[in-house]
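[1] have a look at this fold, sequence not included:
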């Protein structure tokens, strides 16, 4: 067997619900054996590129099949460098404040907030300002170093499922645009459940494959990209979370805020507009809120009696 192919596995069961009734859903359109770290950056703009996808007949989950082995995809994420991500810190902070508002209402008092896939620590920095004890994990060595140097955060580098964190020690866990990047979502959600104290809350944000925006954009939907291994629906998210023992307590649609500069650089035909330092500075000052309705924002609670 070719060395590149050893990095992948075929699914025998659904990664979300564990069901065995799987069927081909859509054929991929890029060479996954050549996948590299630059294709999985948060700010990557290779929209429309997908893996071979299968669907679960039981819960409707759609996922990469074959999928990359966890150790392979983690090795790529550990090498990622993405300065453009933190260049949008102001807009991203606006997105995260809404999450912290909801967690503040759902979790009385404060405690440890553990952010999974914490990137450069923007959410954790805001959480600390609101009285939370920040903790979290990120695969990228570059992002962890950035968070430690610029925000003085105790962010750890590593693989979430192997994080050395005491069971029941967290009041909140956040997974913002993380779960679609892992080939093992059930294991990740089970680990989050383990970390939470009874009554603690998991916030999960992930794209909705059946949203109106996804249907209108078709194969050019911006969430169809090499870094995304899974696409959830309301039904498959419920199966994933309830299967781990969670009770869903709030559902919302996630809204994005970016600078006009960031959005224009995502679309090739508009890139000439932002060339040059003066134009870049002008468009970076213009915030744009995108309420596209194409991502879930889910809050799920661990039973108080656990």
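    Yes, it's here. Remember, it's a predicted structure, so these values are computed and weren't measured experimentally.
[2] what does the helix or strand where residue 134 lies contact?
    Assessed by DSSP states H and E, residue 134 sits inside strand 133-138. The contact list for strand 133-138 (CB atoms under 8 Å, 6 or more residues apart in numbering) reads 110-119, 121, 124-125, 127-128, 144, 147, 153-160, 163, 165, 170. No exception for glycine: its C-beta is placed from N, CA and C like everyone else's.
[3] and what of stretch 202-219?
    So stretch 202-219 is contacted by 48, 62, 99, 102-103, 172-180, 189, 192-193, 196, 221, 223, 228, 231-234, 237, 241, 246, 254, 292-302 (CB under 8 Å, 6+ apart).
[4] one more time with 6 Å, if that's ok
    48, 62, 99, 173-177, 179-180, 192, 221, 223, 231-233, 254, 292-300 (CB atoms under 6 Å, 6 or more residues apart in numbering).
[5] tell me where the model's unsure across the stretch 101-250 of the chain.
    For the stretch 101-250 of the chain, applying pLDDT under 70 flags no range at all.
[6] quick one, strands of it?
    For the stretch 101-250 of the chain, the strands defined by DSSP state E, counting those that start in this stretch cover 112-116, 133-138, 156-157, 170-176, 196-207, 230-231, 247-253.
[7] quick one on the thing from earlier: each with direction, which strands does the strand holding residue 134 pair with?
    strand 112-116 (parallel), strand 156-157 (parallel) (DSSP bridges).
[8] can you say which of these is packed in most?
    strand 112-116 (a mean of 26; mean count of other CB atoms under 10 Å).
[9] just the contacts of stretch 202-219: which are in helices?
    Among those, DSSP state H puts 99, 192 in helices.
[10] if we can go back for a sec, let me have the strands paired with strand 133-138 in a markdown table, extended by distance to residue 27.
    What follows is these, written out as a markdown table (distance: least, CB to CB, whole Å):
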| stretch | distance to residue 27 |
| --- | --- |
| strand 112-116 | 31 |
| strand 156-157 | 35 |
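[11] closest to residue 91 out of those?
    Taking CB to CB, strand 112-116 is the member of these nearest to residue 91, at 17.7 Å.
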